[in-house]
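K.L.:
Provide a 3D model corresponding to the input given below.
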Amino acid sequence: MQILNPKPETSSVLEPTQFTQEENDENFRIHSEIDILFILREIMQANSLITVYPNYDSDFILSSILAIYPDKKQMIIDYGANEKCCQKALQSEKLAIVTTQNRVKIEFVCNQVRKLQFEGQDAFAINIPESLLRIQRRSHFRITTPIAKPLKCVIPIPGTNSSKAEVALLDISCGGIAVIDQHPVINFEPGTIYNNCQIALPEVGTITVSIQVKNTYEITLRSGQNCFRAGCQFIELKGNMQTLIQRYIIKQEQIRKNK
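P.N.:
Numbers count the residues shown, from 1 in each chain. The predicted structure follows:
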C-alpha cells in the first residue's frame, strides 16, 4: 500500500484521538478479547482501510488487515511502498491504528511490530490489542431487540414505595431506548423523567439508568397492532453501564451474523 503525506486533499483519513483531541474516554473502551476479535474480523472481512501512525507521528501508512491469528495473539497487515516510512514503523515503540466498523470509529494501539513474508509479499506482523476504542459520539448505533423475547425496562412508579412497571423495548443504543407505550400507569409525555430504571441484558448484565422521554408517536407493529412508540434518552449514563450496552450490541451483531 502506498504511504501518503498527512492530510491529503483528496482523502478523508481518520486521525487518532491524540491528534483530534477527542476525549480518550473509558466509556468507549472495549477489553473483552471475544469482542475485540469480532470487531477486527469484521474490519478484515469488509476490507476496510486502516491508517497506521508510527509513534502517533503525523506521517501515516494506509493499510488493511490481511489475517488474524488469535492463538498467536497476532495479525498481519499490509506493508507500505515507501521503505523509509516502513522502517520508521518497524523502529516505533507504538503504532496507533484508526479505522471504522459499521460507520463507527475504531482505534487501538499496538506495541509489537515486525516484518515478514505473507503469501509471497512483504507485510507487518503486529500484536492483537488488549483493548480498543469504539467511539460513537455524534450518533449511536441502534439495534432492534429480539421479537420473541424483547428486552424489558423496569420503571419505578412515581409516588409509590416499591411498585414497578415493565415496558417492552423496541431498540436500544448507548444514547437511549425506544419502548412500546401501552402501560396504563406509566406516562410517556415528552419531558418526563424516570430514575433508577433497570434493563436486564441477557448474558451481559443489568444496567441501571435514568431516562427522559423525548418523543412519542403511533406505529404499527409487525403483528398489525397499533400502539405508541416512545423515544427515551439516557441521562448521564455511567461508563460501566455504557460498556454493558456496547457488549450487548456486539453480541447481538454476532448472533445475527451467524444465523
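K.L.:
any idea of the pLDDT on the residue nearest to residue 107 when sequence neighbours are not counted?
P.N.:
The shortest distance from residue 107 to any non-neighbouring residue, by Cβ to Cβ, 6 or more residues apart in numbering, is to residue 133 (4.4 Å). Quick note: C-beta positions are derived from backbone N, CA and C, even for glycine. In this prediction, residue 133 carries a pLDDT score of 87.
K.L.:
Residue 12 now?
P.N.:
We have a pLDDT of 51 for residue 12.
K.L.:
Ok, residue 54 next?
P.N.:
pLDDT, residue 54: 89.
K.L.:
again, but for the one 3 residues further on
P.N.:
Predicted confidence (pLDDT) for residue 57: 76.
K.L.:
Distance-wise, check it relative to residue 132.
P.N.:
Residue 57 sits at a distance of 20 Å from residue 132 (criterion: Cβ to Cβ, to the nearest Å).
K.L.:
With residue 162 instead?
P.N.:
In this view, residue 162 and residue 132 are 41 Å apart by Cβ to Cβ.
K.L.:
now swap in residue 219 and tell me
P.N.:
Taken as Cβ to Cβ, the span from residue 219 to residue 132 is 36 Å.
K.L.:
Share the number of residues neighbouring residue 125, please.
P.N.:
For residue 125, the neighbour count with other Cβ atoms under 10 Å is 19.
K.L.:
Hmm, it is touching residue 78, no?
P.N.:
No. Applying Cβ atoms under 8 Å, one finds residue 125 not in contact with residue 78, separated by 11.7 Å.
K.L.:
And residue 219 and residue 132? Which one has more around it.
P.N.:
Taking other Cβ under 10 Å, residue 219 and residue 132 do not tie; residue 132 has more neighbours (22 against 14).
K.L.:
Isn't that one up against residue 39?
P.N.:
Yes. With contact defined as Cβ under 8 Å, residue 132 reaches residue 39; the gap is 6.8 Å.
K.L.:
So for the two, which residues contact both of them?
P.N.:
30, 106 (Cβ atoms under 8 Å, 6 or more residues apart in numbering).
K.L.:
circling back: show me what the residue nearest to residue 107 is bridged to.
P.N.:
Beta bridges link residue 133 to residue 29, residue 107, judged by DSSP bridges.
K.L.:
remind me, longest helix of the protein?
P.N.:
In the chain, with assignment by DSSP state H, the single longest helix is helix 239-258.
K.L.:
mind listing what's buried in that one?
P.N.:
Buried residues in helix 239-258, counted by 16 or more other Cβ atoms under 10 Å: 241-253.
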